[in-house]
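Colleague: my questions are about this predicted structure, shown below with the sequence.
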Amino acid sequence: MVEARITVNGKETPLSPAAPHTTVLDFLRERGLTGTKEGCAEGECGACSVLVARPGVNKATDWVAVNACLIPAASLDGQEVITSEGLATAGEAGAQPTLHPVQEEMAVRGGSQCGYCTPGFICSMASEYYRPDRCAHAASDAESDSAEHTDAEHGPNGFDLHSLSGNLCRCTGYRPIRDAAFAVGAPTEEDPLAQRREQPAPEPAATVYTRDGSTFVRPRTLAEATQLLRERPEAVVVAGSTDYGVEVNIRSRRDEYVVAIDRLPELRELRVESDHIEIGAAVTLTEIERRLDGSVPLLAELFPQFASRLIRNSGTLGGNLGTGSPIGDSPPVLLALEASLVLADADGERVVPLSEYFTGYRQSVRRRDELIRAVRIPLPLSPVAAFHKIAKRRFDDISSVAVAFALDIQDGIVAKARIGLGGVAATPIRALSTEAALEGKPWSAETVEAAAQLLQAEGTPMNDHRASAEYRSAMLGQSLLKLHAETPEAVSS
């Protein structure tokens, strides 16, 4: 069997003797690449950010920034990784390396003080630096210092500050970091990492890595994966590892048998058919966002509020649904979209409406030998859609309450209403009583005020450190009033 290896900064590096649970962060640091730092070990600070070569959306390869603290090193067998040390260009013998343009701008504009967070910022900025559609914008405005910002979070060079939403700095302050981000131009034709985007990303290696009694497996196909789960019902399934990695780091979780499904081809498809959209369970949230490009408005509202770009670069819908969490951000949206799940096992597939999927706290109808293969969203979409996430922080926070609306309003009458709720019960739920109170009624203040009273009573809100039950109930009612205030009373589909 071929030895598991990762290409790090252009050099093949054996995975051994790392344990199967070893994160990419620890793997790199143990090999002297200490620019990659551990801050929170939960994917919230970005000090551990590195670049991974992934199949591209607009190019053959994208350089994607990910949280090295969450991802098992074994999951990158056969893959390519660039750390902050690998961005600079080596000079001739005895000469100092040439700084990468992102590193240069951070240095000259004072974007680093203590420097602990800087390598992570550098890698996240480099990922945005190499984003092809940003590069086209940067090239067109390269000689224009007076180009207007689209808004405060986008530079004249097309740089999206949301690409840094998963990176925290406690001493420098964000203005010089923003200045550095808005100053970078487009990559030159000689840039080796820009050239690398024209070649396909590495195919995922079939992996069986065993050490110290634990095994990490990456099957080649869905059929192999489902057969493994039938033979090994105790196996733990991981995709983006954004949830599993926290368990490994914070709770010292150690599993004997882990099956990685994040690169299975059958789970990586995204198709738009005449009557539905099918999204593979292992397509990352960033890939969904960029490939759908706003064509599903409710998902487009969800993505900027779903954790950070670093998390969305790894996280998947399948993983968010598979954990069964009542506070996951995607279930309310998918409930409002009337989504169904395609569940696969060694014998075939079955389709389950998401409204019938959850059975209890972190419990579902999915059996241990089944995988979520895809999410299906029926077409056409309801024309009135909104996602309201109530949390203590604007971005990168766990929701206290999440509400998703999808309404058909024709000639001022609510023809159809679908409302998904998160954070107000042991499972994500549909607000069935409120939906019934709206359907067939005028989209008027009187109708909405009455329905808002019902919405406040949906679910069983609890008291915890994020919010009180009373606050959660109040936010449910206010969310519907807000939707009405922002939506004309006569809307036709």
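Modeller: Alright, I've got the coordinates.

Colleague: so the nearest residue to Ser127 once chain neighbours are set aside bridges to which residues?
Modeller: Among residues not flanking Ser127 along the chain, Ala65 sits closest, at 3.7 Å (C-beta to C-beta, 6 or more residues apart in numbering). Quick note: C-beta positions are derived from backbone N, CA and C, even for glycine. When assigned by DSSP bridges, Ala65 has beta-bridge partners Leu51.

Colleague: ok, now which ones touch Ala65?
Modeller: 49-52, 123-124, 126-128, 163, 309-310, 313 (C-beta atoms under 8 Å, 6 or more residues apart in numbering).

Colleague: please repeat the previous calculation with a cut-off of 10 Å.
Modeller: 46, 49-52, 82, 120, 122-128, 130, 163-164, 166-167, 286, 309-310, 313-314 (C-beta atoms under 10 Å, 6 or more residues apart in numbering).

Colleague: also Ser49?
Modeller: Contacts of Ser49 (C-beta under 10 Å, 6+ apart): 25, 36-37, 43, 65-69, 83-84, 117, 119-127, 164, 166-167, 310, 313.

Colleague: wait, a strand at Ala386?
Modeller: Yes - membership of Ala386 in a strand is supported by DSSP: H, G, I helix; E, B strand; the rest coil.

Colleague: show me the longest helix that occurs in the protein.
Modeller: helix 469-485 (DSSP state H).

Colleague: report the distance from that helix to the chain centre.
Modeller: 27 Å (C-alpha atoms, centre = their mean, to the nearest Å).

Colleague: from the contact counts, what lies against that helix?
Modeller: Using 3 or more C-beta pairs under 10 Å, 6 or more residues apart in numbering; DSSP states H and E, the elements in contact with helix 469-485 are strand 384-390, strand 401-410, strand 413-422, helix 432-438, helix 445-456.

Colleague: before we move on, the earlier item: what's the spacing between the residue nearest to Ser127 and Val102?
Modeller: 12 Å (C-beta to C-beta, to the nearest Å).

Colleague: quick check: neighbours shared by those two?
Modeller: With C-beta under 10 Å, 6+ apart, Ala65 and Val102 have common neighbours Ile122, Cys123, Ser124, Met125, Ala126, Ser127, Glu128, Tyr130.

Colleague: nearest residue to the last one other than its sequence neighbours?
Modeller: It stands for Tyr130. Closest residue to Tyr130 apart from its sequence neighbours, by C-beta to C-beta, 6+ apart: Trp63 at 4.6 Å.

Colleague: buried set for the helix or strand of the chain with the lowest mean pLDDT?
Modeller: When the helices and strands of the chain are scored by mean pLDDT, DSSP states H and E, helix 132-140 comes last with a mean of 76. Neighbour-count burial for helix 132-140, with 16 or more other C-beta atoms under 10 Å as criterion, is recorded at Arg134, Cys135, His137, Ala138.

Colleague: ok, the spatially most central residue of the chain - contacts?
Modeller: Nearest residue to the geometric centre of the chain (C-alpha atoms, centre = their mean): Arg312, 1.7 Å. Contacts for Arg312 (C-beta under 10 Å, 6+ apart) come out as 162, 165-166, 240, 242, 284-289, 303-304, 306.

Colleague: can you lay out those as CSV showing secondary structure and neighbour count?
Modeller: Formatted as CSV, the contacts of Arg312 follow (DSSP: H, G, I helix; E, B strand; the rest coil; neighbours: other C-beta atoms under 10 Å):
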residue, secondary structure, neighbour count
His162, helix, 16
Ser165, coil, 21
Gly166, coil, 25
Gly240, coil, 26
Thr242, coil, 27
Thr284, strand, 25
Leu285, helix, 26
Thr286, helix, 23
Glu287, helix, 23
Ile288, helix, 23
Glu289, helix, 20
Phe303, helix, 22
Pro304, helix, 17
Phe306, coil, 24
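
Colleague: ok, back up a step: which one of the helices and strands packed on helix 469-485 lies nearest to Thr7?
Modeller: strand 384-390 (38.2 Å; C-beta to C-beta).

Colleague: in PyMOL, select just the buried ones from the contacts of Ser49.
Modeller: Restricted to buried positions by 16+ other C-beta under 10 Å, the PyMOL selection for the contacts of Ser49 reads:
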select buried, resi 25+36+37+43+65+66+67+68+69+83+84+117+119+120+121+122+123+124+125+126+127+164+166+167+310+313
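
Colleague: give me the subset of the contacts of Ser49 lying in helices.
Modeller: Going by DSSP H, the helices hold Leu25, Pro119, Gly120, Phe121, Ile122, Cys123, Ser124, Met125, Ala126, Ser127, Leu310 from those.

Colleague: possible to save these as TSV with pLDDT and distance to Leu229?
Modeller: What follows is the ones in helices among the contacts of Ser49, written out as TSV (pLDDT from 0 to 100; distance: C-beta to C-beta, whole Å):
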residue	pLDDT	distance to Leu229
Leu25	98	28
Pro119	97	38
Gly120	98	35
Phe121	98	39
Ile122	98	39
Cys123	98	34
Ser124	98	35
Met125	98	39
Ala126	98	37
Ser127	98	33
Leu310	97	29
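
Colleague: mind telling me the two of the residues you listed farthest from one another?
Modeller: Among the ones in helices among the contacts of Ser49, Leu25 and Met125 lie farthest apart (C-beta to C-beta), at 18.8 Å.

Colleague: thinking again about what came up before, let me know the angle separating the helix or strand in which the residue nearest to Tyr130 is found from helix 132-140.
Modeller: Element membership for Trp63 (DSSP states H and E) is strand 61-67. Angle between the axes of strand 61-67 and helix 132-140 is 110 degrees (criterion: axes from the mean of the first three to the mean of the last three C-alpha atoms, to 10 degrees).

Colleague: distance of the residue nearest to Ser127 from Gly43?
Modeller: Distance, Ala65 to Gly43, by C-beta to C-beta: 12 Å.

Colleague: anything in contact with each of the two?
Modeller: With C-beta under 10 Å, 6+ apart, Ala65 and Gly43 have common neighbours Ser49, Gly166, Leu310, Ser314.

Colleague: got a list of what the third one touches?
Modeller: Residues in contact with Leu310, defined by C-beta under 10 Å, 6+ apart, are 43-46, 48-49, 64-68, 70, 120, 123-124, 127, 163-167, 242, 286, 396.

Colleague: in space, what's closest to it - neighbours in sequence excluded?
Modeller: Nearest non-adjacent residue to Leu310, counting by C-beta to C-beta, 6+ apart: Gly166, 3.4 Å away.

Colleague: and if you look at the last one?
Modeller: The shortest distance from Ser314 to any non-neighbouring residue, by C-beta to C-beta, 6+ apart, is to Gly240 (3.7 Å).

Colleague: my read: the one you found touches Glu287, true?
Modeller: No - using C-beta atoms under 10 Å, Gly240 is not in contact with Glu287; the gap is 11.1 Å.

Colleague: so Thr107 versus Gly86, what's the distance?
Modeller: No, residue 107 isn't Thr; it's Ala. Distance, Ala107 to Gly86, by C-beta to C-beta: 17 Å.

Colleague: in terms of neighbours, single out the busier of the two.
Modeller: More crowded of Ala107 and Gly86, by other C-beta atoms under 10 Å: Gly86, with 21 against 13.

Colleague: which non-adjacent residue is nearest the more buried one?
Modeller: Distances taken as C-beta to C-beta, 6+ apart put Asn9 closest to Gly86, at 3.1 Å, once the chain neighbours are dropped.

Colleague: need the contact list for the one you found.
Modeller: By C-beta under 10 Å, 6+ apart, the contact set of Asn9 is 28, 33, 50-51, 80-88.
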